[in-house]
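> Sequence below, structure please.
(chains A, B, C and D)
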2 protein chains.
Amino acid sequence: MKDLSRRQQSILHFIEHFLDANDYPPTIRDIQTELGISSTSVVDYNLKGLEARGLIRRNSKISRGIELASRGSSRRNMVTIPVIGQIAAGQPIPVPGDLEGSDVTETVELGSDLMSNSGQGLFALRVKGHSMVDALINDGDVVVLRQQETCENGETVAVWLKEQRETTLKRFYLEGDHVRLQPANVTMDPIYTPAENVEIQGRLVGVVRSID
Amino acid sequence: MKDLSRRQQSILHFIEHFLDANDYPPTIRDIQTELGISSTSVVDYNLKGLEARGLIRRNSKISRGIELASRGSSRRNMVTIPVIGQIAAGQPIPVPGDLEGSDVTETVELGSDLMSNSGQGLFALRVKGHSMVDALINDGDVVVLRQQETCENGETVAVWLKEQRETTLKRFYLEGDHVRLQPANVTMDPIYTPAENVEIQGRLVGVVRSID
DNA sequence: TGTTGACACGAACATGTGTTCTCTCATATG
DNA sequence: CATATGAGAGAACACATGTTCGTGTCAACA
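Have a look, this model is predicted:
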């Protein structure tokens, strides 16, 4: 397949810039005037070429019906995760069900390349206090969790220790009728506790720390 | 200010859904037929209401010139940061200048609410090894840095210790002609070293940990 | 009862915008 | 040389789409 002509390249560039600036695609005439092309038909002609090699998609008859193949996907690839509360050592974890109509003011947005799935069932909590340094999590960090009540061995989960009335974030290993909770920090020792004592609140899928 | 009418709410919802599905905004008539509204002027009327309270932006005369305030910003507000290499204890830090034409295959995308500025001058490195657990950073984490050769006291910076031939990530305090490098982990002790021995590579602005 | 204002209708109207048709013009290609 | 082909110009056409205007409904209110 032949290379793109200079004109096709500049058209492609212009579309990208336009989309960055405007949130809606350009018209053929936008492209025409910006690039100093004499006729709309020329734009149409080159657009067809770009479409033929899959760089753009066009919805005929529809105004501004140009979609960038590269962009159309990458845009949607951002997941917005609500920060529904705090997580602290001596405090039960808020669960997503609680946020009935509560206005979640804060959200965290991540490219979906960081989150394995579409962001369904994910929620986030802001860490309060230094109780989770053993999981390499600092005061002020945001932890992203997937809501679930069970987990596989080796997964890091947020658990509520009933007896201690305490929340913690550790690797989970079921060993007989006891659970071993292993800190992420390799220099620290695990906790052993009866299985009935732990209540899994969610699985840790991410940590975001923003400084300043 | 009054609440949104049911019609305005449904219009807003429809615009959101349309944008999710299509990558270009809907026309007034798209909204009209989808919601079974009798006239375009009714849509226009309600759109004006939505615009008045800042929920959308409209570019008059321009077809499909509707932009969602919530969306329009959040889309652009994503910064894409290139992951240009690794950072490890015994290894100098790659600097952005090195990436001449090198194909950066990996990027990290964050909502700009996490990054104070536009993402200019930011780059990211994947952490190799456990040498930075004292900064609460784990093997495999991605650290986001701003390129700079100087810093204020108290900022966390990536420094190259010439004598030790070692990279580390610590809070920086200039004290006379010596530098105190303070681990983020409050339980650990600082390092003191002559000022000439430290070479600031960048300031830490974020950490992202993605688990599976 | 009359007035007012929010909301809605329907029908033009005026542009915006994609599409298409006919011509050039240069460059191969035989 | 004759012909094909790729790239572009210019204009017209047809439909897509934003805008506006006159009117109607209905509840709230003095």
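
> Low-confidence regions, chain A specifically.
A:1-4, A:71-78, A:89-105, A:112-114, A:116-119, A:212 (pLDDT under 70).

> per the record, what domains does it have?
If the domains of chain A are taken from automatic domain parsing, they occupy A:6-74, A:77-208, with pieces of a single domain joined by a plus sign.

> and the closest residue to DNA strand C within chain A, how many neighbours?
Closest approach of chain A to DNA strand C (Cβ to the nearest atom of the strand) occurs at A:S60, with a separation of 2.8 Å. Where C-beta positions appear, they are placed from N, C-alpha and C, glycine not excepted. Other residues near A:S60 number 5, with proximity taken as other Cβ atoms under 10 Å in any protein chain shown.

> Same question for A:F172.
A:F172 is flanked by 21 other residues according to other Cβ under 10 Å.

> how close does it sit to A:V142?
A:F172 sits at a distance of 21 Å from A:V142 (criterion: Cβ to Cβ, to the nearest Å).

> hey, which strand is longest across chain A?
If you go by DSSP state E, chain A has its longest strand at strand A:198-210.

> Show me what the lengthiest helix in chain A is packed against.
In chain A, ranked by residue count with DSSP state H as the criterion, the top helix is helix A:6-22. Helix A:6-22 sits against helix A:28-35, helix A:40-52, strand A:66-68, with contacts defined as 3 or more Cβ pairs under 8 Å, 6 or more residues apart in numbering or on different chains; DSSP states H and E.

> what angle sits between the first one and helix A:6-22?
Translated: helix A:28-35. In this structure, helix A:28-35 runs at an angle of 110 degrees to helix A:6-22, with axes from the mean of the first three to the mean of the last three Cα atoms, to 10 degrees as the basis.

> Next up, phi/psi of the residue nearest to A:M132 when sequence neighbours are not counted, please.
Nearest residue to A:M132, sequence neighbours excluded (Cβ to Cβ, 6 or more residues apart in numbering or on different chains): A:L169, at 5.2 Å. Dihedral angles phi and psi of A:L169 (degrees, to the nearest 10) take the values phi -130, psi 110.

> Check whether A:L169 really touches A:V143, as I assumed.
Yes. The pair A:L169 / A:V143 is scored as a contact, 7.0 Å apart, by Cβ atoms under 8 Å.

> Spit out the residues that contact these two alike.
Overlap between the neighbourhoods of A:L169 and A:V143 consists of A:I87, A:I137, A:A158, A:L204, taking contacts as Cβ atoms under 8 Å, 6 or more residues apart in numbering or on different chains.

> quick one: contacts for the spatially closest residue to the last one that is not a sequence neighbour?
Put plainly, it is A:L204. Beyond its immediate neighbours in the sequence, the residue positioned closest to A:L204 (Cβ to Cβ, 6+ apart) is A:T156, lying 4.2 Å away. Each residue near A:T156 by Cβ under 8 Å, 6+ apart is listed here: A:A135, A:L169, A:K170, A:R171, A:F172, A:A184, A:R203, A:L204, B:I211.

> Give me the buried positions along stretch A:7-18.
Taking 16 or more other Cβ atoms under 10 Å in any protein chain shown as the basis for neighbour counts, the residues of stretch A:7-18 that come out buried are A:Q8, A:S10, A:I11, A:L12, A:I15, A:F18.

> correction: stretch A:164-177
Residues of stretch A:164-177 classed as buried by neighbour count (16+ other Cβ under 10 Å): A:T167, A:T168, A:L169, A:K170, A:R171, A:F172, A:Y173.

> tell me, which of the residues you listed make contact with DNA strand D?
On the criterion Cβ under 7 Å from any atom of the strand, none of the entries of these sits beside DNA strand D.

> How about the residues of chain A by DNA strand C?
Listed as neighbours of DNA strand C in chain A under the rule Cβ under 7 Å from any atom of the strand: A:27-30, A:39-41, A:44, A:58, A:60-66.

> Just the buried residues from these, in PyMOL please.
For anyone working in PyMOL, the buried entries among the residues of chain A next to DNA strand C, judged by 16+ other Cβ under 10 Å, can be selected with:
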select buried, chain A and resi 27+28+30+64+65+66
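
> Pick out the most distant pair among the residues of chain A next to DNA strand C.
Taking Cβ to Cβ as the measure, the residues of chain A next to DNA strand C span a maximum distance of 20.9 Å, between A:S39 and A:I62.

> For chain A, what lies in contact range of DNA strand D?
Proximity of chain A to DNA strand D is assessed by Cβ under 7 Å from any atom of the strand, with A:2, A:5, A:7, A:37-42, A:45-46, A:49, A:61-63 identified as the residues in range.

> Closest one to A:A195 out of those, please.
When the residues of chain A next to DNA strand D are ranked by distance to A:A195 (Cβ to Cβ), A:I62 comes first, at 58.4 Å.

> Which elements pack onto the longest strand of chain A?
Partner elements for strand A:198-210 (3+ Cβ pairs under 8 Å, 6+ apart): strand A:107-111, strand A:122-127, strand A:142-147, strand A:156-161, strand A:166-175, strand B:198-210.

> And those: which comes nearest B:F123?
The closest approach between B:F123 and any of the helices and strands packed on strand A:198-210, judged by Cβ to Cβ, belongs to strand B:198-210 at 7.5 Å.

> still on that earlier bit, give me whichever of the domains of chain A is most buried.
Each of those was assessed for mean neighbour count using mean count of other Cβ atoms under 10 Å in any protein chain shown. The highest is domain A:77-208, with a mean of 17.

> what about that one, distance to the chain center?
Taking Cα atoms, centre = their mean, to the nearest Å, one finds the center of domain A:77-208 at 16 Å from the center of the full chain.

> quick one: furthest residue from the center of chain A?
Residue farthest from the centre of chain A, counting by Cα atoms, centre = their mean, is A:S38 at 43.6 Å.

> bridging residues for the nearest residue in space to A:P190 that is not next to it in sequence?
Nearest non-adjacent residue to A:P190, counting by Cβ to Cβ, 6+ apart: A:Q182, 4.4 Å away. Beta bridges link A:Q182 to A:R171 when assigned by DSSP bridges.
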